[in-house]
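> quick check, what structure comes out for this input:
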Amino acid sequence: SEISVSGLKEIFGDKVTTTLRILEKKSFIQKKTRLISGSELVDDIKPSPFVLTQEQNTIVERIESAVRENKPHSILLHGVTGSGKTEVYLQAAQRCLSMGKHVLALVPEISLTPQFLARFQNRFGSKIALLHSQRSETERLQEWKRILEGKAQIVVGTRSCVFSPLKNIGLVILDEEHDRSYKQDDHVMYHAKDIAIERAKNEKAVVLLGSATPSIETYYGTETHEIEKSVLTGSIRQQDMPEVEIVNLQEEKQFGHQTMFSERLREEIEMTLA
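Purely as a prediction, here's the structure:
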């Protein structure tokens, strides 16, 4: 039989995670990760377990204000990994729903963003429809039908979900907006970001472009004021940012080093492995 980790936490508290880890190590239990459909989820929206920082709250309020204006608008959410972008997405989506509008959220690759999906599912329950390549054609058809019937107010998925029949869109989220996976180069060629922006124009919605390393086009858009820029500085976990050292390989070539790895990098790798 199966039981969810979240279900066990509700019964025994957060400390059960340590016990589960020990039981798994002794092979008494087996842990599995799987994506579940919106129809399997409960119908209520759970409140956020996190308190927004002042910086996050300011950005969420700005997004909410832009949605209320009912005009096409693009916002770059620029923040390093761990700066709290996902919680901004979640709370902005929640406020969008409270206005009676719907949300389209795109991720570059499902395999790289399981936590993103899990947090949306846990927060919004059956209001979500999932559309991505790891789902069977039958599952995708069921989700498509739920969207058409208005049973799903949030659609989450990879680039092709930008064509989903979601109506009354107030917010379009593109996580890791710089990622090349949003661009399809074969068959019907398109860029999901361009389609998302065009849909937002037609729906008079807000496009929220999230990234730690924005694309050149998006960043240039902030310079020309076509895209508004919101910045999350630092990490919400109060962690120091890693030091970055730039090594000039041209100088290394003068001493006979012709590999793609600098001597400095080789030394650091050896120290780390040791």
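
> dihedrals phi and psi, the residue nearest the centre of the chain?
Ranked by distance to the mean C-alpha position of the chain (C-alpha atoms, centre = their mean), the top residue is Asp175 at 4.2 Å. Phi and psi for Asp175, reported as degrees, to the nearest 10, are phi -80, psi 140.

> which residues pair with it across the strands?
Note on Asp175: beta-bridge partners Gly210, judged by DSSP bridges.

> who are the contact partners of it?
By C-beta atoms under 8 Å, 6 or more residues apart in numbering, the contact list for Asp175 reads 85-86, 89, 105-108, 113, 116, 210. (C-beta placed from N, C-alpha, C; glycine too.)

> helix, strand or coil for Arg123?
Put simply, Arg123 is helix when judged by DSSP: H, G, I helix; E, B strand; the rest coil.

> touching, it and Leu90? I think so.
Yes: counting by C-beta atoms under 8 Å, Arg123 does reach Leu90; the two are 5.4 Å apart.

> who touches both of these two?
Ser48.

> quick one: low-confidence residue ranges for the stretch 1-150 of the chain.
1-2, 4-16, 32-45, 112-113 (pLDDT under 70).

> where do the helices sit along it?
Along the stretch 1-150 of the chain, counting by DSSP state H, counting those that start in this stretch, helices occupy 5-12, 16-25, 54-68, 85-98, 114-124, 137-148.

> mind telling me what element the closest residue to Phe120 other than its chain neighbours is part of?
Nearest non-adjacent residue to Phe120, counting by C-beta to C-beta, 6 or more residues apart in numbering: Val156, 5.4 Å away. Taking DSSP states H and E as the definition, Val156 sits inside strand 154-157.

> show the average pLDDT along that strand.
For strand 154-157, the mean pLDDT works out to 94.

> what is the helix or strand harbouring Ile195 packed up against?
Element membership of Ile195 [criterion: DSSP H and E] is helix 192-203. Under the contact definition 3 or more C-beta pairs under 8 Å, 6 or more residues apart in numbering; DSSP states H and E, helix 192-203 sits against strand 73-79, strand 102-106, strand 169-175, strand 206-211.
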